[in-house]
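K.L.:
The sequence isn't on hand, but the structure is:
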């Protein structure tokens, strides 16, 4: 009588046999969405910081660091305060050139715009000086 010898195969023939167990599982779609959100937020922050830095460079800080400013008596080179009447052809820029004193002109124009509710003025209008 012959005995049947049964040999068990060590090869797994199941449909999942091609999965490599030494690799981490593939990330889910939610993981990809979170990663895209983090990258998007990071890029938005970088663009915002770049825009602020560019504006600071282009607008300038008046050429003098805040800590290097000299203190002077109040009556020397102080900008005028009060009001003035706009003449034909006047702009806030031309008014700022006359009344700004030692303040950077761009900052003074910004203050004029804020004090007068906008950048547009008319001849005869009373312009508030900061």
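P.N.:
Received, thanks. Quantities reported herein were computed from a predicted structural model and do not represent experimental measurements.

K.L.:
and residue 128, what are its bridge partners?
P.N.:
residue 83 (DSSP bridges).

K.L.:
So it is in contact with residue 116, correct?
P.N.:
Yes - Residue 128 sits in contact with residue 116 when judged by C-beta atoms under 8 Å, with a separation of 5.6 Å. In short, each C-beta sits where N, CA and C put it, glycine included.

K.L.:
Looking at these two, which one has more neighbours?
P.N.:
Taking other C-beta atoms under 10 Å, residue 128 and residue 116 do not tie; residue 116 has more neighbours (20 against 15).

K.L.:
And the pLDDT at that one?
P.N.:
The model reports residue 116 with a pLDDT of 86.

K.L.:
can you check the one 5 residues further on too?
P.N.:
Predicted confidence (pLDDT) for residue 121: 87.

K.L.:
Could you do residue 16 as well?
P.N.:
So residue 16 comes in at 57 (pLDDT).

K.L.:
those strands in this structure, which residues are they?
P.N.:
82-85, 126-129 (DSSP state E).

K.L.:
Any idea which of those gets closest to residue 44?
P.N.:
Nearest to residue 44 among those is strand 126-129 (37.7 Å), distances taken as C-beta to C-beta.
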